[in-house]
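>>> need a 3D model of the following:
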Amino acid sequence: MTRDSLIRIACAAFAPVRRAQPHSIHVRSLIAVVLLALLMPLHVHAQDPGSELPDAAKKGDVDAVRSLINKGANVNAKNGSGRTALMEAAYWGRFDAAKLFLEKAADVNAKDQEDRTALMDAAGNGHIQVVQVLLEKGADPNAKNKEGSTALIEAASNNRAEIVKALIDKKANIDDKDKDGRTALILAAYWGHEDAAQALIEKGANVNAKDKYGYSAMMYAKHENHPKVVDVLSKAGAR
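Predicted coordinates for the structure are as follows:
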């Protein structure tokens, strides 16, 4: 049954009837309410093609993304967590979908409720292609979330050495600190990420920077028993 057919039946149910019995009026009212309830989701769906964008972005379904955008979906619409479809594409590493969103004027620096950006998600999860296209489209490598973390800190904390280099080449502040005063190198050392630590040192990171508790990368590497990181830091003159 089509939407127009449902509307006609609902209108007929509401129409007055001469000398109608009370029971008849009650039944007709119930029919009308049920029909209108059926119509409501059809109306909402038709007005909100963007509601399907995040799922299409997660799956990397470029055809679905393009179709939804052509139907009027807002590429910058946010869900309940303040996340855009571009953020979802970046998080899951859906390069083609991310590229399409950017071509359709998606906000490359949009933030969610935690002030995270698409670049932070792509960097932390190791999606180098997505990182590169975001940077090409103007993503801010020095944006911070509510914890003071940056894309570089996210990359270093997850041992994404290639992304660490790419971000620094795009002017990421190598010695920027989070709310605990920890740099990307300090966090790489804390987690025992030798490759990320080496990449940061090669790019000129301050090997003796300390966090707000007075601990350096070397102190954390020793305390957490990461001998390979200790060796890398020692060769760079860390104390």
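>>> quick one, what contacts the closest residue to residue 75 other than its chain neighbours?
Of all residues not flanking residue 75 in the chain, residue 106 sits nearest, at 4.5 Å (CB to CB, 6 or more residues apart in numbering). In short, each C-beta sits where N, CA and C put it, glycine included. Each residue near residue 106 by CB atoms under 8 Å, 6 or more residues apart in numbering is listed here: 75, 76, 84, 85, 86.
>>> residues in contact with stretch 204-212: which ones?
With CB under 8 Å, 6+ apart, stretch 204-212 has contacts from 174-175, 177, 180-186, 201, 216-218, 233, 236-239.
>>> my read: residue 56 touches residue 69, true?
No - contact criterion CB atoms under 8 Å: residue 56 and residue 69 do not qualify, at 9.7 Å.
>>> if I look at those two, which residues touch both of them?
With CB under 8 Å, 6+ apart, residue 56 and residue 69 have no common neighbours.
>>> can you tell me how far the residue nearest the centre of the chain is from residue 78?
In the chain, the residue lying closest to the centroid (CA atoms, centre = their mean) is residue 87, at 2.8 Å. Taking CB to CB, to the nearest Å as the measure, residue 87 falls 9 Å from residue 78.
>>> kindly state the pLDDT recorded for residue 52?
Confidence at residue 52, expressed as pLDDT, is 89.
>>> which residue packs closest to it, ignoring adjacent ones?
Closest residue to residue 52 apart from its sequence neighbours, by CB to CB, 6+ apart: residue 68 at 5.7 Å.
>>> residue contacts, residue 83?
54, 112.
>>> make 426 the first number, not 1, from now on.
Shifting the count to begin at 426 puts that one at residue 508.
>>> assign it to helix, strand or coil.
coil (DSSP: H, G, I helix; E, B strand; the rest coil).
>>> so this protein: which segments form each domain?
What the record gives for the chain is the domain set 426-472, 474-565, 570-664, from automatic domain parsing.
>>> worst average pLDDT in those domains?
Among the domains of the chain, domain 426-472 scores lowest, at a mean of 50.
>>> now the helices for the chain?
428-439, 447-472, 478-484, 487-495, 510-517, 520-528, 543-549, 553-561, 576-582, 586-594, 609-616, 619-627, 642-648, 652-660 (DSSP state H).
>>> among those, which is nearest residue 570?
helix 543-549 (6.4 Å; CB to CB).
>>> what residues are up against residue 591?
Residues near residue 591 by CB under 8 Å, 6+ apart: 553, 556, 557, 560.
>>> make CSV out of the contacts of residue 531 and add distance to residue 620 and neighbour count.
As requested, the contacts of residue 531 are arranged in CSV below (distance: CB to CB, whole Å; neighbours: other CB atoms under 10 Å):
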residue, distance to residue 620, neighbour count
500, 35, 22
501, 35, 14
509, 31, 27
510, 32, 33
511, 28, 32
